[in-house]
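Peer 1: The sequence and its predicted three-dimensional model are supplied below.
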Protein chains: 2
Amino acid sequence: MPARRSSDDLKGVIRDFRRDQVIEVARRLFGERGTTEVPMDEIAAEAGVARSTVYVYFASRDELLRACLKQMHDQLRETIAAQWERDVEPDRRLRSLVDGMLERLDDNPAFFRLALVTQEAVTQGGAAVGSELALIGLDVARLISDLYVEGVSRGMFRSMDPDRATALIGQQIYGAMSVRAGDVAPLPRAEAVDEVTDFLLRGLAV
Amino acid sequence: MPARRSSDDLKGVIRDFRRDQVIEVARRLFGERGTTEVPMDEIAAEAGVARSTVYVYFASRDELLRACLKQMHDQLRETIAAQWERDVEPDRRLRSLVDGMLERLDDNPAFFRLALVTQEAVTQGGAAVGSELALIGLDVARLISDLYVEGVSRGMFRSMDPDRATALIGQQIYGAMSVRAGDVAPLPRAEAVDEVTDFLLRGLAV
DNA sequence: CCCGCAATCGGACATAGTGTCCGATATAAT
DNA sequence: ATTATATCGGACACTATGTCCGATTGCGGG
């Protein structure tokens, strides 16, 4: 039986490798051109598989999109986790969070665009896709909420409803990412992170 | 000649009326379901014209989309202009701007979603569509910039690079709109406007 | 009323892409 | 060699887009 099992493992490894190739290609092309304008033929060809094989791995374009989002989500989680352990102060954690998000964006500009264009997929009734997006949103929101509450308890942040504060902070980060994703000449990241973090902390008023 | 001219005017009026009908329907359906998932057949049927007639008025789906954006832009300009004349103080103007944007969003929730999903059309190489979006962005940015500069000169806002301040303010507003567009139970508008404006002014720090 | 003109309609057509299906092929294990 | 499994490649049915064009409709003028 051991050889049999080893063979299944190898098949699984090969299959996962192939599947990941398709996801990588799809992520890039979807990010560049949107979720609906890239023919499955093209994704298959670039991934080096037959088009019908793509449908063996993914039931539909939507499911492929969902897989792309999941991969993105996993990477985001890793990035944020790594940043998070490095900082303890709430304001530094805030900075880390912004940094992590912008880092993922810059590492793969198509990253955010994929999330952005995926809003359309949600609008189109892609419930499964929507739930993957919601998970990403919840992860980030929880991090924001935690750091906000900690900031208040340390007397660094002014007191507001935590949910509202979380929403407002998230809005700024989301907006910053949106703008940066479309910017042909974005600021150096460290500078952009400082700027957004500063603005979040201090606002406009003198 | 006068009667001849009058007839041409009537034809123009009828044609514009029909064209606007198509735009209205398309705006709604695009906003609800995205720019690519609504068949032109359906838009035509709901607007009460033949599908081939839609192509008489608009060369393509993209051109129809562009017309939708232009209509949206015109309405936004009217809303902002009306709000703008009512307030002079920079912080009140800021509030008016946020209010105006959220008002347009609430008046037609599909409004913002249309702009959001149109980001995808831009990604897809819709240059003409992109330029319409850019015009909207420039309008809003100019308003933000003006009020920011005035706020600094009055000693109400702290001094930063005006372009960066404009970008940061714009990001928050954009994020607020994005979140609100997807919210099934959004805050009452006045409350949301106050909250965003307050956050813009004061930030997080105590 | 009739006629001419312009706009619109309705349908056919070619094309592109999606998802399904299946026989042929390739590969690995026994 | 045989068997089992995964993949390939292509055919198919269907949907939607944009183009084209003859038929129909509506309006204005004589």
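Peer 2: Here it is on my side, so go on.
Peer 1: Any idea how many residues pack against A:Arg19?
Peer 2: 19 (other Cβ atoms under 10 Å in any protein chain shown). Quick note: C-beta positions are derived from backbone N, CA and C, even for glycine.
Peer 1: so how far is A:Leu138 from A:Leu102?
Peer 2: A:Leu102 sits 20 Å away from A:Leu138 when distances are taken as Cβ to Cβ, to the nearest Å.
Peer 1: let me redo that: A:Arg104
Peer 2: Where A:Leu138 is concerned, A:Arg104 sits at a distance of 17 Å (Cβ to Cβ).
Peer 1: just to revisit the earlier point, show me which of A:Leu102 and A:Leu138 is the more surrounded one.
Peer 2: For A:Leu102 versus A:Leu138, neighbours defined as other Cβ under 10 Å are more numerous around A:Leu102 (22 against 10).
Peer 1: any idea how far A:Thr197 is from that one?
Peer 2: 11 Å.
Peer 1: List the buried residues of the longest helix along chain A.
Peer 2: Of all the segments of type helix in chain A, defined by DSSP state H, the longest one is helix A:2-33. Residues A:18-19, A:22-23, A:25-33 are the ones in helix A:2-33 that count as buried (16 or more other Cβ atoms under 10 Å in any protein chain shown).
Peer 1: Give the rounded mean pLDDT of that helix.
Peer 2: Summarised as a single mean, pLDDT over helix A:2-33 is 78.
Peer 1: now the next helix or strand after that helix, how far from the centre of its chain.
Peer 2: Going down the chain from helix A:2-33, the next helix or strand is helix A:40-47, by DSSP states H and E. Its chain's C-alpha centre and that of helix A:40-47 lie 23 Å apart, by Cα atoms, centre = their mean, to the nearest Å.
Peer 1: for stretch A:39-47, same thing?
Peer 2: 23 Å.
Peer 1: Which positions within that stretch qualify as buried?
Peer 2: A:40, A:43-44, A:46-47.
Peer 1: got the CA positions of that stretch in PDB?
Peer 2: C-alpha atoms of stretch A:39-47 as PDB (Å, rounded to 0.1, in the frame of the first residue of the first chain):
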ATOM      1  CA  PRO A  39     -10.800  34.500 -22.300                       C
ATOM      2  CA  MET A  40     -10.400  31.300 -20.500                       C
ATOM      3  CA  ASP A  41      -8.500  30.100 -23.600                       C
ATOM      4  CA  GLU A  42      -5.800  32.600 -22.900                       C
ATOM      5  CA  ILE A  43      -5.500  31.700 -19.200                       C
ATOM      6  CA  ALA A  44      -5.200  28.100 -20.100                       C
ATOM      7  CA  ALA A  45      -2.600  28.700 -22.800                       C
ATOM      8  CA  GLU A  46      -0.500  30.800 -20.600                       C
ATOM      9  CA  ALA A  47      -0.700  28.300 -17.800                       C
END
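Peer 1: check whether that stretch contacts DNA strand C.
Peer 2: Yes: shown here: stretch A:39-47 in contact with DNA strand C (Cβ under 7 Å from any atom of the strand) through A:39-41.
Peer 1: Counting neighbours, show which residues of the helix or strand containing A:Arg92 come out buried.
Peer 2: Under the criterion of DSSP H and E, A:Arg92 resides in helix A:90-107. Buried positions in helix A:90-107, judged by neighbour count with 16+ other Cβ under 10 Å: A:90-91, A:93-106.
Peer 1: on that earlier part again, and of the buried residues of stretch A:39-47, the nearest to A:Gly203?
Peer 2: When these are compared for distance to A:Gly203 (Cβ to Cβ), A:Ile43 wins out at 44.7 Å.
Peer 1: That closest one contacts A:Val54, doesn't it?
Peer 2: Yes: contact criterion Cβ atoms under 8 Å: A:Ile43 and A:Val54 qualify, at 6.5 Å.
Peer 1: Common neighbours of the two, please.
Peer 2: A:22, A:64 (Cβ atoms under 8 Å, 6 or more residues apart in numbering or on different chains).
Peer 1: A:Arg164: what's its closest spatial neighbour, skipping adjacent residues?
Peer 2: Distance criterion Cβ to Cβ, 6 or more residues apart in numbering or on different chains; nearest residue to A:Arg164, sequence neighbours excluded, is B:Glu195 at 6.2 Å.
Peer 1: Next: A:Arg19.
Peer 2: A:Tyr57 (4.8 Å).
Peer 1: is it true that that neighbour touches A:Arg18?
Peer 2: Yes: judged on Cβ under 8 Å, A:Tyr57 makes contact with A:Arg18 at a distance of 7.2 Å.
Peer 1: what residues are shared contacts of these two?
Peer 2: In contact with both A:Tyr57 and A:Arg18: no residue, using Cβ under 8 Å, 6+ apart.
Peer 1: For chain A, give me the ranges with low pLDDT.
Peer 2: A:1-8, A:110-134 (pLDDT under 70).
Peer 1: coming back round to it: if we only consider the residues of stretch A:39-47 next to DNA strand C, which is nearest to B:Asp74?
Peer 2: Once Cβ to Cβ is applied, the member of the residues of stretch A:39-47 next to DNA strand C that ends up nearest B:Asp74 is A:Pro39, at 35.7 Å.
Peer 1: Can you tell me how far that closest one is from A:Glu46?
Peer 2: For A:Pro39, the distance to A:Glu46 - Cβ to Cβ - is 11 Å.
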